[in-house]
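# compute the structure for the input listed below.
(one chain, ligands or ions: 1)
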Amino acid sequence: MEHILDMYEKGEPFYLYTGRGPSSDALHLGHLVPFQFTQWLQRVFNVPLVIQLTDDEKFYWKRYLTLEEAGRLGFENAKDIIACGFDVSKTFIFKDTDYIQHLYPTVTKIARTVTCNKACGTFGFSDSDHIGKYGFPAIQAAPSFSSCFPQIFGGREDVQCLIPCAIDQDPYFRMTRDIAPTLGWKKPALIHSRFFPALQGPKTKMSASSNESAIFVTDTPEQIAHKIKAYAFSGGQETKELHEKLGGDCDKDVSYQYLSFFLHDDAELERIRVEYSSGRMTTSQIKQELINVLVPMVLEFQQSRARVTDDMVKAFMAVREITPY
Ligand code: TRP
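I've put the predicted structure just below:
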């Protein structure tokens, strides 16, 4: 990241790359975090962004999913992604099975440098996994290199890439950074978002298939308030007396954790932390603080999502020239 900032100050170009594996219809708040952050990066740096929709990956990994359904979900997910406010003049969204011909020359070069041994060590594959899984990492790695996007970079192979993503994607990009010098290419830079916990507690994972573990971008204000009040794990003490004495534990409190992602005012976040951990702020009050932040954010997202048409998705997904800088 430091390297990218130094380059940027010298006026040298870079681009952003992120992605989404389309396996469910509605996104939850955890999905939104890397995209909101990516949108911020695009706005601040005014750089091109490529977004990979991995219909192939989800077909390989989810036994129940057909390739066609994964493609349809990809198109629907693109609407949620677009609703985060990306600039169509600088953003290219592509679905793997559509765009593969442009990725393929780069994929082959990557694939030849990664042994099965290495893939098994990095991704935990075994003898009984099908070969689709073995081939996929090269496909997720490829967009880290500007050679995949001649319509944006005019055939340049050395434009630096920055990948904002969730921490669970790290194996793919550790592999990518490993092989880049071997191929004479620049290593992509990575910036990870922190783990986004489920409502049940700091060590639990949000699941798109569990309605009680996650707040969805399609939830109504009432549903959001109900989920937070009923399920958001509290770092507060057992009784009012104990809470006033010992204070709440922000490291365990899911409402505080969520506020740390979505409340932009750092001074206000710090005020809430001090009040809650001193015991002056109660669990129901910190939950209300979170509701006050999430409800307007989700409503604004929903308004923006309602304005995204099929034609807009097609515009983002058209293989077209983009002026990078
Ligand atoms: N594998 C990711 C997922 O399952 C999708 C993805 C593809 C991605 N390329 C990416 C995520 C680049 C972040 C950055 O969601």
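# ok, then the element right after the helix or strand harbouring residue 40?
For residue 40, the host element (DSSP states H and E) is helix 29-45. As assigned by DSSP H and E, the chain's next helix or strand after helix 29-45 is strand 49-53.
# report all helices and strands that whichever helix or strand comes after that following strand contacts.
Next helix or strand after strand 49-53 toward the C-terminus (DSSP H and E): helix 55-61. Secondary-structure packing of helix 55-61 (3 or more Cβ pairs under 8 Å, 6 or more residues apart in numbering; DSSP states H and E): helix 67-82, helix 96-111, helix 131-141. Bear in mind the C-beta positions are built from the backbone N, C-alpha and C, glycine included.
# 10 Å instead, please
For helix 55-61, the packing partners by 3 or more Cβ pairs under 10 Å, 6 or more residues apart in numbering; DSSP states H and E come out as strand 14-20, helix 67-82, helix 96-111, helix 131-141.
# run the chain-centre distance for the third one.
It refers to helix 96-111. How far helix 96-111 lies from its chain's middle: 22 Å, per Cα atoms, centre = their mean, to the nearest Å.
# now the shortest one
In this view, strand 14-20 has its centroid 10 Å away from the chain centroid, taken as Cα atoms, centre = their mean.
# next, the contact list for residue 102, please.
94, 142-143, 147-151, 319 (Cβ atoms under 10 Å, 6 or more residues apart in numbering).
# do the helix holding residue 40 and the ligand come into contact?
No: using Cβ under 6 Å from any ligand atom, helix 29-45 never reaches the ligand; the gap is at least 6.8 Å.
# get me the contact residues on this protein for the ligand.
When proximity is defined by Cβ under 6 Å from any ligand atom, the chain lies next to the ligand at 17-21, 52, 54, 57, 140, 163, 165, 169.
# give me that answer again for 5 Å
Counting by Cβ under 5 Å from any ligand atom, the chain comes close to the ligand at 18-19, 21, 52, 54, 140, 165, 169.
# thinking again about what came up before, filter the contacts of residue 102 to the buried ones?
94, 142-143, 147-149 (16 or more other Cβ atoms under 10 Å).
# restricted to helices, list the contacts of residue 102.
Among those, DSSP state H puts 150-151 in helices.
# for the contacts of residue 102, which one is nearest residue 243?
residue 143 (49.0 Å; Cβ to Cβ).
# greatest separation within the buried ones among the contacts of residue 102: which pair is it?
Farthest-apart pair in the buried ones among the contacts of residue 102 is 94 and 147; separation 14.6 Å (Cβ to Cβ).
# quick one: neighbours of the nearest residue to residue 30 once chain neighbours are set aside, just the number.
Distances taken as Cβ to Cβ, 6 or more residues apart in numbering place residue 196 nearest to residue 30, at 3.8 Å, with adjacent residues excluded. By other Cβ atoms under 10 Å, 20 other residues sit near residue 196.
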